[in-house]
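Enquirer: Whatever this is, show me its structure:
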Amino acid sequence: DHEDHDEEEETILDEDEARFDPHSWLDPLAYKAQVVVVRDSLIETFPDGEIDFRANANALLISVTDLDNNFKAAIGEGVCSNRDVIANHNAYAYMAERYDLEFITVHGLDPEGEPSAADIKEVVDSIAEKGITVFFVEEYTSVSAVQSIVEQTQSDTMPNGIKVLTLHTMELSPKNASDNYVTLMTKNLESLQEGLGC
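Expert: You can find the predicted model right below:
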């Protein structure tokens with residue numbers, strides 16, 4: 001069966017938004033378009049593998065379509081009353097646009113470096129100023145930095161400190177070798193559901 005599940009999706013970001021956020025794959029429908037480009041390039045380069053390339057791509061496209069449907073059902077427009085997500089990195093413009101979320105970036109916490117005490121203070125001050133109770137960080141954010149933020153946000157009203165949840169950006173190889181695009185995006189969905197209180 002050579003039927004392709006690769007319906008074209010319109011671009012959902014304007015040029016300015018797209019220029020500042022390369023993480024288009026965090027929108028499953030944009031990722032589907034990327035799968036199709038890779039599939040077609042493989043077929044052009046290795047025509048003898050066309051049947052396998054099409055079969056493998058179609059299986060992935062179906063899984064990603066299911067993933068998008070799960071996102072829409074769980075956190076899509078009109079599902080959650082809270083639409084604001086606070087994160088440490090501006091990597092989610094495509095996801096935000098697709099699922100009607102508002103990502104607010106708290107700067108000062110480099111997801112791939114060891115932040116200074118001043119960086120952590122900047123984040124803690126922003127959290128206090130914005131009244132944040134759930135903070136999303138990338139999977140490679142420093143564990144010690146996250147622990148420091150939790151400790152510094154402990155108060156009478158938040159005795160355990162801010163809740164920190166992970167959003168996978170998939171910029172680097174997954175920490176768990178058994179993870180893939182669909183499993184990591186499913187983990188993202190679970191974190192978003194918890195953080196948004198859906």
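Enquirer: what helix or strand is residue 30 on?
Expert: Using DSSP states H and E, residue 30 sits within helix 28-45.
Enquirer: That should have said residue 182, apologies.
Expert: Per DSSP H and E: helix 181-196 holds residue 182.
Enquirer: Please apply the same query to residue 98.
Expert: helix 93-99.
Enquirer: Which strands or helices does that helix pack on?
Expert: Packing partners of helix 93-99 (3 or more C-beta pairs under 8 Å, 6 or more residues apart in numbering; DSSP states H and E): helix 15-20, helix 28-45, helix 50-75, strand 102-105. Every C-beta, even on glycine, is put in place using the N, C-alpha and C of the backbone.
Enquirer: Let me have those in CSV, adding distance to residue 122, mean neighbour count and mean pLDDT as columns.
Expert: Below are the helices and strands packed on helix 93-99 laid out as CSV (distance: least, C-beta to C-beta, whole Å; neighbours: other C-beta atoms under 10 Å; pLDDT from 0 to 100):
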stretch, distance to residue 122, mean neighbour count, mean pLDDT
helix 15-20, 21, 10, 53
helix 28-45, 32, 16, 97
helix 50-75, 29, 16, 97
strand 102-105, 12, 14, 89
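Enquirer: Quick one, which of these gets closest to residue 160.
Expert: In terms of C-beta to C-beta, the element of these nearest to residue 160 is strand 102-105, at 22.0 Å.
Enquirer: Which strands and helices lie in contact with that closest one?
Expert: If you count contacts as 3+ C-beta pairs under 8 Å, 6+ apart, strand 102-105 packs onto strand 84-87, helix 93-99.
Enquirer: Secondary structure class of the residue of the chain most remote from its centre, three-state.
Expert: In terms of distance from the mean C-alpha position of the chain, residue 48 ranks first, at 35.4 Å (C-alpha atoms, centre = their mean). The three-state assignment at residue 48 reads helix, by DSSP: H, G, I helix; E, B strand; the rest coil.
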